[in-house]
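# Please work out how this folds:
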Amino acid sequence: MTDFVLVLGVLAAAAAGLWAWRQFHPVSFWYGVGFPLRAALVYLTWHHVASGCKLTRNRRRFRLTLDALPVVGPASRSAATVVEHKRRVRRVDVERSPRLGLLRPTRLGWRMRLRLHDGQVPADYEKAAEGIAHAWRVHSVRVVDVRPGSVTLWATMRDPLVEVVTVPETGELLTVRPGKLENGRDWVIDFRTVPHWLNVGATQSGKSNLANALLKGLAPQPVALVGFDLKGGVEFTPYAPRLSALATTRKESVDLLVDLVGEVENRMATCRAHGARNVWTLPEDLRPMPIVVLVDEVAELFLMADKSEKDEVSRTATALLRVAQLGRAFAVYLVVCGQRVGSDLGPGVTALRAQLSGRVCHRVNDPETANMALGDLDPAALDAARAIAAETPGVCIVAGQDGSWHRARSVYVPEHEAEQAARDYAHLTPVWETLVGSAPVVRPAA
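Residues are numbered from 1 along each chain as shown. Modelled structure (predicted):
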């Protein structure tokens, strides 16, 4: 009886210790206890999971068998039957699962590489991902890396986007951390790597919050910020102290875009005169200040009430497209936002979309906008965008120029915080006329 009580006490102490370890040091608990148990479960059940998801293949093999043949002798027909064993080679079908590589732990799950069977393609595993996730009792399973003859599956135990806390800024020029990716890493927008971005989303989806996060992150940096707000200025006017120029009507937008195109051409001439391919290879004393252009409700730039506006819309579309095509080499970057972005707005929108290599798609009201943002990339990204729930503002699909995509969520940035950042760093705002060397065209509202 004493031994039994002692065993119970040891078990209770061990359970309490494991509980405390998990509560106060969840990361080390995962690597020390959780992951080894999960890895054992994955290896032990992989064949059954692969078979249930129809990822196995039947392969023919030859096996040596012993066949028992009855032989009756002529002298002893009434005696017992003599059994003769003969060796034969038979062909049998053996069900084989894909070869599972070494599981590598991550902070939220694990990664593993699989060798494809002959005739299999990565799409087979994308279709089976949901079934694998349910079999392993995890949040999600995704195909994240494709190589000839193999794929990498990434399993996530829980959704890291349920709650996103404030992300510290990198301090690097033209780099902003607006939130978190679904793999637990920081979501980093680096304009020097991905220069132009398309940000679409319905009302209350998180589109405007992302613009606030970008402005707050760029405000303390030595860059010029330019705004196009075709809502009459209600979105960007509170940030006027940090904006070098702000256009609130189409007429002002045309004039401001003409200025931007002229500035790009001036920078082009400077690079040509010094034998530089882009502004970043110029001497530091000749290097112009980067310009980040924020465009809100881009559809308003392309809509026409009647034919009298056709010429103005055409000029706007052409100038914006030229900035997108030439801006990267000359440090002029675009962030184009809109609730509704579709091919019905005209060929200018489709041509502009092709230049915006960075894509952010929040919850949208129509499939055409999601297709415009992600349709020319991975179809799985489009399906993920359509599955964003209305009660998860800020959740979006992020795709970069390398073709990969992630679920992400931006940190909530209240408007008053972005406005305060604009006021705090107003002294860093360059004067537009001085920056572009032209007569004043558009000034931000006071």
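# mind listing the helices for this protein?
Using DSSP state H, the helices of the chain run over residues 2-24, 26-29, 35-52, 122-136, 207-218, 250-273, 299-302, 310-326, 347-355, 367-374, 379-386, 415-424, 432-436.
# Those: which one's closest to M157?
For the helices of the chain, proximity to M157 was assessed by CB to CB; helix 35-52 is nearest, at 8.0 Å. To be clear about C-beta, it is placed using only N, CA and C from the backbone, and glycine gets the same treatment.
# Let me see the residues that make contact with that closest one.
Helix 35-52 is touched from outside by 56, 95, 97-98, 100, 103, 105, 110, 112, 131-132, 135-136, 157, with contacts defined as CB atoms under 8 Å, 6 or more residues apart in numbering.
# Look up the residues forming beta bridges with the residue minimising distance to the centre of the chain.
Residue closest to the average C-alpha location in the chain (CA atoms, centre = their mean): H406, at 2.6 Å. Going by DSSP bridges, H406 is paired in beta bridges with V398.
# these two touch, right, it and I397?
Yes - with contact defined as CB atoms under 8 Å, H406 reaches I397; the gap is 7.5 Å.
# Among the contacts of helix 35-52, find the lowest-pLDDT one for me.
The lowest pLDDT within the contacts of helix 35-52 belongs to E95, with 73.
# Could I get the contacting residues of the nearest residue to it once chain neighbours are set aside?
Of all residues not flanking E95 in the chain, T56 sits nearest, at 5.0 Å (CB to CB, 6 or more residues apart in numbering). Going by CB under 8 Å, 6+ apart, T56 touches H47, A50, E95, R96, S97, P98.
# In a markdown table, list those along with neighbour count.
As requested, those are exported to a markdown table (neighbours: other CB atoms under 10 Å):
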| residue | neighbour count |
| --- | --- |
| H47 | 15 |
| A50 | 22 |
| E95 | 11 |
| R96 | 15 |
| S97 | 17 |
| P98 | 20 |
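# Closest one of these to G375?
Sorting these by how near they are to G375, with CB to CB, puts P98 at the top with 30.3 Å.
# these two touch, right, that closest one and H117?
Yes - assessed by CB under 8 Å, P98 is found in contact with H117 at 6.0 Å.
# which residues are common contacts for these two?
When contacts are counted by CB under 8 Å, 6+ apart, P98 and H117 are jointly contacted by L55.
# Report the distance from stretch 324-334 to the chain centre.
Distance of stretch 324-334 from the chain centroid (CA atoms, centre = their mean, to the nearest Å) equals 22 Å.
# same question but for stretch 272-288, I mixed them up
Relative to its parent chain, stretch 272-288 has a centroid offset of 33 Å by CA atoms, centre = their mean.
# residues of that stretch that come out buried?
By 16 or more other CB atoms under 10 Å, the buried positions in stretch 272-288 come out as A276, V279, L282, P288.
# With adjacent residues omitted, what lies nearest to the second one?
When you say that, I think you mean V279. In space, V279 comes closest to A331 once its chain neighbours are excluded; the distance is 4.8 Å by CB to CB, 6+ apart.
# Look up how far D259 lies from the one you found.
Using CB to CB, to the nearest Å, A331 is found at 15 Å from D259.
# Where do the strands of the stretch 51-200 of the chain begin and end?
Under the criterion DSSP state E, counting those that start in this stretch, the stretch 51-200 of the chain carries strands at the ranges 57-71, 82-96, 99-100, 104-105, 109-115, 140-147, 150-156, 175-181, 186-190, 196-200.
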